[in-house]
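Visitor: Give the three-dimensional model of this entry:
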Amino acid sequence: MQRTNTGERRRSRRIRIGQPVRIRPSDPKDKYFEDNNTTKNVSRDGIYFVTGVSGYYEGMRLFVVVPHHAPREPQDKEYLGQVVRVDPFPDAQWGVAVQLLSDWRAS
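Guide: Next up, the predicted model:
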(Lines give C-alpha, C1' and ligand atoms only; values in the text may rest on other atoms or scores of the structure.)
Protein backbone atom coordinates (compact mmCIF):
# COMPACT_ATOMS: atom_id res chain seq x y z
CA MET A 1 0.00 0.00 0.00
CA GLN A 2 1.04 3.55 -0.64
CA ARG A 3 1.20 6.20 2.02
CA THR A 4 0.21 9.74 1.22
CA ASN A 5 1.79 12.74 2.92
CA THR A 6 -1.08 12.81 5.43
CA GLY A 7 -0.27 9.28 6.59
CA GLU A 8 -3.31 7.68 4.97
CA ARG A 9 -2.89 4.26 3.43
CA ARG A 10 -4.26 3.92 -0.06
CA ARG A 11 -3.79 1.28 -2.71
CA SER A 12 -4.49 3.53 -5.65
CA ARG A 13 -4.75 7.20 -6.57
CA ARG A 14 -8.09 8.95 -6.12
CA ILE A 15 -9.63 10.99 -8.91
CA ARG A 16 -12.20 13.72 -8.25
CA ILE A 17 -15.12 12.77 -10.45
CA GLY A 18 -18.87 12.76 -10.10
CA GLN A 19 -20.04 9.28 -11.14
CA PRO A 20 -23.68 8.30 -10.58
CA VAL A 21 -23.96 5.43 -8.08
CA ARG A 22 -26.71 3.32 -6.55
CA ILE A 23 -26.05 1.88 -3.10
CA ARG A 24 -28.08 -0.55 -1.02
CA PRO A 25 -27.33 -2.78 1.98
CA SER A 26 -26.34 -6.37 1.22
CA ASP A 27 -27.19 -7.77 4.67
CA PRO A 28 -30.92 -8.40 5.20
CA LYS A 29 -30.43 -7.51 8.90
CA ASP A 30 -29.75 -3.88 7.93
CA LYS A 31 -32.68 -1.56 7.30
CA TYR A 32 -33.24 -1.50 3.53
CA PHE A 33 -32.65 1.68 1.53
CA GLU A 34 -31.57 2.69 -1.94
CA ASP A 35 -29.21 5.67 -2.09
CA ASN A 36 -28.95 7.11 -5.60
CA ASN A 37 -26.02 9.46 -5.33
CA THR A 38 -22.96 10.93 -7.03
CA THR A 39 -19.36 10.21 -6.07
CA LYS A 40 -17.00 12.95 -4.90
CA ASN A 41 -13.97 10.83 -5.84
CA VAL A 42 -13.18 7.35 -7.07
CA SER A 43 -10.22 4.99 -7.28
CA ARG A 44 -9.70 1.52 -8.71
CA ASP A 45 -10.88 -0.04 -5.48
CA GLY A 46 -13.11 2.51 -3.78
CA ILE A 47 -15.55 5.39 -3.87
CA TYR A 48 -16.35 8.36 -1.63
CA PHE A 49 -19.67 10.21 -1.57
CA VAL A 50 -21.67 12.56 0.65
CA THR A 51 -25.19 11.54 1.64
CA GLY A 52 -28.15 12.48 3.80
CA VAL A 53 -28.90 8.80 4.49
CA SER A 54 -28.04 8.07 8.12
CA GLY A 55 -27.95 4.25 7.96
CA TYR A 56 -24.25 3.79 7.06
CA TYR A 57 -21.75 2.40 9.59
CA GLU A 58 -18.14 1.22 9.48
CA GLY A 59 -17.95 -2.41 8.37
CA MET A 60 -21.35 -2.35 6.66
CA ARG A 61 -21.52 -4.45 3.49
CA LEU A 62 -23.19 -2.91 0.45
CA PHE A 63 -24.16 -3.56 -3.14
CA VAL A 64 -22.75 -0.68 -5.21
CA VAL A 65 -23.58 -0.04 -8.87
CA VAL A 66 -21.08 2.33 -10.48
CA PRO A 67 -21.63 4.02 -12.78
CA HIS A 68 -25.41 3.76 -12.42
CA HIS A 69 -27.82 4.55 -15.22
CA ALA A 70 -31.55 4.03 -15.53
CA PRO A 71 -32.16 2.05 -17.60
CA ARG A 72 -29.06 -0.05 -17.03
CA GLU A 73 -26.22 0.42 -19.51
CA PRO A 74 -23.43 -2.04 -20.46
CA GLN A 75 -20.73 -0.15 -18.48
CA ASP A 76 -22.75 -0.31 -15.23
CA LYS A 77 -21.12 -2.79 -12.87
CA GLU A 78 -22.36 -4.05 -9.49
CA TYR A 79 -19.83 -4.60 -6.71
CA LEU A 80 -19.86 -5.90 -3.19
CA GLY A 81 -18.41 -3.12 -1.04
CA GLN A 82 -17.64 -2.39 2.60
CA VAL A 83 -17.86 0.93 4.42
CA VAL A 84 -14.40 1.81 5.75
CA ARG A 85 -15.16 5.31 7.08
CA VAL A 86 -18.13 7.57 7.86
CA ASP A 87 -17.36 11.29 8.25
CA PRO A 88 -20.03 13.43 9.96
CA PHE A 89 -20.74 16.77 8.26
CA PRO A 90 -23.01 19.66 9.27
CA ASP A 91 -26.68 19.64 8.31
CA ALA A 92 -27.25 15.90 8.77
CA GLN A 93 -24.83 14.88 6.01
CA TRP A 94 -22.22 12.11 6.06
CA GLY A 95 -19.19 11.40 3.91
CA VAL A 96 -18.95 7.67 3.23
CA ALA A 97 -15.81 5.85 2.04
CA VAL A 98 -16.48 2.44 0.51
CA GLN A 99 -13.90 -0.17 -0.47
CA LEU A 100 -15.04 -2.17 -3.50
CA LEU A 101 -14.36 -5.82 -2.68
CA SER A 102 -15.39 -7.67 -5.83
CA ASP A 103 -17.65 -7.74 -8.86
CA TRP A 104 -20.99 -8.99 -7.66
CA ARG A 105 -22.39 -9.93 -11.04
CA ALA A 106 -21.44 -9.48 -14.66
CA SER A 107 -22.60 -6.40 -16.51
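Visitor: Which positions in stretch 75-88 come out as buried?
Guide: Within stretch 75-88, the residues that qualify as buried are D76, K77, E78, Y79, L80, G81, Q82, V83, counting by 16 or more other Cβ atoms under 10 Å. All C-beta spots, glycine's among them, are computed from the backbone N, C-alpha and C.
Visitor: what's the closest of these to V96?
Guide: V83 (6.1 Å; Cβ to Cβ).
Visitor: The closest one is in contact with V96, isn't it?
Guide: Yes: in this structure, V83 is within contact of V96 by Cβ atoms under 8 Å, at 6.1 Å.
Visitor: how far away is the spatially closest residue to A92 that is not a sequence neighbour from G95?
Guide: Residue nearest to A92 in three dimensions, not counting chain neighbours: G52, with 6.0 Å by Cβ to Cβ, 6 or more residues apart in numbering. Distance, G52 to G95, by Cβ to Cβ, to the nearest Å: 11 Å.
Visitor: For these two, indicate the residue with more neighbours.
Guide: G95 (15 against 11; other Cβ atoms under 10 Å).
Visitor: Name the residues that touch the helix or strand that contains that one?
Guide: Using DSSP states H and E, G95 maps to strand 93-105. Residues outside strand 93-105 that contact it (Cβ atoms under 8 Å, 6 or more residues apart in numbering) are 23, 40, 45-54, 56, 62-64, 66, 77-89.
Visitor: Can you check which residues contact both of V83 and V96?
Guide: Joint contacts of V83 and V96 (Cβ under 8 Å, 6+ apart) are Y56.
Visitor: which secondary structure elements does the helix or strand where V83 lies contact?
Guide: Element membership for V83, per DSSP H and E: strand 77-89. With contacts defined as 3 or more Cβ pairs under 8 Å, 6 or more residues apart in numbering; DSSP states H and E, strand 77-89 has these neighbours: strand 46-51, strand 61-66, strand 93-105.
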